[in-house]
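> sequence? don't have it. structure:
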């Protein structure tokens, strides 16, 4: 044996070339363009995934679910490519040190933007009728929502220490007031009350999670169905997409196909689903729009009534939703039928009655169609929840005209709405939030952080403030003798209690992207909550402590810091799962942690991967989410790996393993395309070891490997030729669906196998006409 | 506990593989890996080599203790001076399964339900997965750590004897039946 | 003042070839290499003959019979030591040099070490072993 | 014929890679005894190398002559099949390499106690210390004479031995003057360093000056790979 | 020379007059030589035996001088004396062992050396290729050494192993046969 060969890594032939450190952070796929500015690579990868989610429209036959997936999933992809360069801008001024690679930044943006202030819409009958004429049956909020998700203009925000930053991707989420009311149903009558309290105590979330301990929340399965639908849609066009996924010549020099483009969609849906819960106020309204139209005989009176319905007295909103949010009054003027002078007069009257937070919105009533001149397309909602999107897909399935999905309004209307939003957000909502933050910070937080704060258990009793003191003490007195403000029967802190207020402070700061303040606030709260055994609050607070500490721009990343985060996440997970059995909250918590950790670069990439592993262990993920998470873990390890260069700290083998696991999951999900991508990547990683024969070096690994290969019809394992299989993939599909699935289900968990033949929808939908999905997707196989 | 023991050469080639089970506390020394686990074990061990490669330079001991965890499988490593890696994957039988049952721990997927690994607040890289301190049950207890150290120590001695032979090599397969006997014996004795 | 001096050493191989000679001082007159070769060959022959002169009446097996062991002039003495393998060490010394046998035995050891254990020495060939000469010199000089 | 059958009652051998269907059936099958490698016979007293105490020959001695003759034959044998001096030294180096690989674990094993396991020499200096003292003492019953590091090249180190035992009886003919048979020892050193993971090339050079005090003085030049030195730097 | 006398001489020489070296250096060096031969002659063990014998022969021819120089023994009267000398002095001062002389034939021309231990074979386990144990004489170099050494003192002998513990035999036995005395170059004197 020759001396040098005695120790593989030592052999001179493999001596690594010196590289700039950040270069090694990049995935090999990007390393060639190491010199390219971040945002370029970023957009590039984004447009890449965009391309791969949807093949070009012309490549599709009309009238396929694929088409709907096309129109649907374009929004995320478009926004992705935009947020790509945006992010790089805002990243510069928020956290210069964060390394940008393989779409991390994009995911960070998705996360940040998903926590947008909610604005409830209370519209009078006539208003909704007016909007209905324009083709927005859902009511006023459906008209405003697409525009609210991203303002076209930069928003300036002052943080608690007086510094101000501009954000280009700020937005608000419009919700129908009925969503608030739906959440509050039964809040009044005692019958359901304690039942709900119980529900709350074991952490179930209204409309978000089933109280029974079903492994997957309703929402979760909805996401699963939606993703599954996308995958089916992809299958149909696998032929022309094969090229996009894997670059053939690249494989030699170690370039790799990217992670599934499905992942950003998954992440977005995961975050869109969050709904009204007591223990975090992100989905509580920050403001509400109270709107009447010029059609109304007695507008002022109508506004008063609507205003009344925004309070508590009318049982309209749940008891745990604070009512101290901003009221914003809008008068909608019918450009076509009404006299503007009357409306302006009315508007002045409004201002006198309701103050400055008023706006006159001038709209045309007639419906606009594409063919009209000065027609403009209504942007698609980026933040539809999975259910909403599925609903949309179904409804679109009735009427098979594609155009139906695209809405148009007049240019003038669009600009009027934009103007309204710009004014409302930058002149009312943001300033309102800023002032709340300042007030609460002075009145509650700083007090609690003061001397007395050190002796929590004692101090908290006296911590009530201002007018709420009575209410707070009264409530706590009523609810329990322990002197805590936590209402054990109902399982929540009344909004005016210091704890609730501080949580709101944290959330406001978060939504205003003042991570530092948010962090310190949550960090302070979690001790209170654990003292009160308010576990859902406790869990949520811990989650946010971790998230914010990862969002705070870091000049350096210390291993120590990440270990601290380890503990916090563990605590959050324990409270969510063991104390409250709220699995899907853990999914969000960990998924965010994974993305943000990964975003921190190589040191944290290991941790990210580890949390991914834990998340999978918990068994709380949907099948597809499981596969995607496995891919994500592989991606984390890839970010520490330079192919063909034995570097200390490389994670080549880990990456290979997780690619294999992902491939296996995809096979079980009966999705050979994704499976092949993972398999090929694993193959590249394993080949690195010994070029002569493909696959892992352990003979005992070959069995599983070979079976996977066979099930994927990858016969010739080494060299790019193996990819030839992709070309005629469509032909193989039914083979690998029927033949190999139960063959492979040797590996599948009990019940896992039935997961694998999920079609577009679950059985209970089967009766409905819209179950046409499954038929269609079958049609492609 | 079920064990998968593998000696890996510096080129990631396996030189010796053995499955066995707990002999302590009335164990019958038989490994009870599910079919899936048996397939995954080499993959898991192989992937743990990443961590071993890294620790090789940060930790100059031969016994690196637990280097990795995958689901409820734990991987302990002994690194010989010649960078030959002794990899021991140990998988506790879930509390509910009696030694005789043919339940499949570590079948993948699914990952073991989280109830079997309560989220603990260990900041270490991997979290404990059982409260019992007995070697057969708890992969993370100090007792287990010491038992494995002893096992590795004995294997190390036998391994040296094997490679001292002019016809043995640190990179070559360890085919001698006597060697196998001795490793088996060491497993019986300590695990 | 010339007392107790080792003049020179000659080594003759089995076949009577001269394989080594070294002068330790200039006392003896130099003779040509040819003369040395002749001396070696002649001595070899003479040694053999003298050996066969041994009276058979003594009943000594031929292989145990020894040949000539000392030649002496009034100026010097030549002591011959033949190993069991047939190699001859000829040591020229001052006539009343004591315990020559010890010296020769030591020389034999040096030969066994630095000649016979040297991979680059071929048996029966002329000896060119720097280590041998070095140790030989230092030993004789020490005397 | 075979006196040994591995006691495999307990553990199963790993199933050979087969297709899944076969495995699922094999799953139920009882553990079949290890098939391959039952060839080796052992004496009826069952004495094998595995029964020898590793410390048995720790201090045993043989005559230096016996080593000299073996080494001499090794050189002669090698000489017959090489093209030149470099080639000869390479062969000797390769002959020594396995000794390094074996002595490293053996000596560390011997210096270990249950309570104080010997550390692996994973950095350059500890490694050189180990070689120049522990290894040298064991093989040549004395330490090397000095360790030096190149002032110009951070990857180069030197171990110096004034009279290498292996060269004791050897006189290299003039025409091969640059040859140094201690290349064998260089191989041992290289075997130790490389197998511990500090990749390097080691060569033996004559440094003895004519008529000087140490005519056989030998320098073992150790050239570590860039990567190794970089890692050192990173570690610090 | 009487066995005990030889033994005493051997002891004395070994203690006082022999330079020593660590045994493992010798063992391992011989090991690499044999391994080298096996690979050079791609495991043609018959050839390896021959090569080892040849090497031994070369050594023997040189070693004998050292033997006499160090031990200063006289010529042996007969083979029995020679045998004792070989065992008690020869093997003693070179390998620090004294194999047992035994199994004489009636004509006193053949005997065996039984090796209780063999420093050259410490650590050795023959390759498990199904042939080595039937074909390879690992320590064959010793045969060559005896042949070469005795030839230098006018004894032509045939030497071979009849058994070796490395082959699974219970003893290691070497058989030596005296073929003839090589007479002096001088014609034997008549009468």
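Noted; the coordinates are in hand. Computed from a predicted structure; not experimentally measured. Residues are numbered from 1 along each chain as shown, chains lettered A, B, ... in the order given.

> helix or strand for residue E:178, which one?
Using DSSP states H and E, residue E:178 sits in strand E:172-181.

> that should have said residue B:56, apologies.
Short version, using DSSP H and E: residue B:56 is in helix B:35-58.

> who are the packing partners of the strand holding residue E:178?
With contacts defined as 3 or more CB pairs under 8 Å, 6 or more residues apart in numbering or on different chains; DSSP states H and E, the packing partners of strand E:172-181 are strand E:110-115, helix E:141-152, strand E:155-163. (Each C-beta comes from the backbone N, C-alpha and C, glycine too.)

> out of those, deepest packed?
For the helices and strands packed on strand E:172-181, average neighbour numbers computed from mean count of other CB atoms under 10 Å in any protein chain shown are highest in helix E:141-152, which has a mean of 24.

> just checking stretch A:670-688 against chain D, any contact.
No - Stretch A:670-688 lies apart from chain D when judged by CB under 8 Å from any CB of the partner chain; the minimum separation is 15.1 Å.

> residue ranges with poor pLDDT in chain D?
D:1-38, D:46, D:235-236 (pLDDT under 70).

> how about 90 then?
Within chain D, the ranges that satisfy pLDDT under 90 run D:1-60, D:81, D:112-117, D:177, D:208-213, D:227, D:230-236.

> and the residue of it found nearest chain A, how far from residue D:223?
Residue nearest to chain A within chain D: residue D:199 (2.6 Å; CB to the nearest CB). Separation of residue D:199 from residue D:223 (CB to CB, to the nearest Å): 10 Å.

> the two: which has the busier surroundings?
residue D:199 (26 against 16; other CB atoms under 10 Å in any protein chain shown).

> neighbours of residue A:430, just the number please.
Neighbours of residue A:430 (other CB under 10 Å): 22.

> I'd say it and residue A:154 touch.
No - using CB atoms under 8 Å as the test, residue A:430 is too far from residue A:154 to be in contact (11.7 Å).

> who touches the residue nearest to residue A:542 when sequence neighbours are not counted in this structure?
Distances taken as CB to CB, 6 or more residues apart in numbering or on different chains place residue A:572 nearest to residue A:542, at 3.8 Å, with adjacent residues excluded. By CB atoms under 8 Å, 6 or more residues apart in numbering or on different chains, residue A:572 lies in contact with A:539-540, A:542-543, A:546, A:586, A:589.

> which of these tops the neighbour count?
residue A:540 (32 neighbours).

> check it and give its pLDDT.
The score at residue A:540 is 91. That number is its pLDDT.

> wait, is it part of a helix?
Yes - membership of residue A:540 in a helix is supported by DSSP: H, G, I helix; E, B strand; the rest coil.

> find the helix or strand that residue E:101 is a member of.
strand E:100-102.

> avg pLDDT for that strand?
For strand E:100-102, the per-residue pLDDT averages 96.

> tell me what it is packed against?
Packed against strand E:100-102 by the contact rule (3+ CB pairs under 8 Å, 6+ apart) you find strand E:110-115.

> what residue lies at the spatial centre of chain B?
residue B:88 (1.7 Å; CA atoms, centre = their mean).

> which strand or helix spans the closest residue to chain A within chain E?
Nearest residue of chain E to chain A: residue E:39, at 9.9 Å (CB to the nearest CB). Using DSSP H and E, residue E:39 maps to helix E:23-40.
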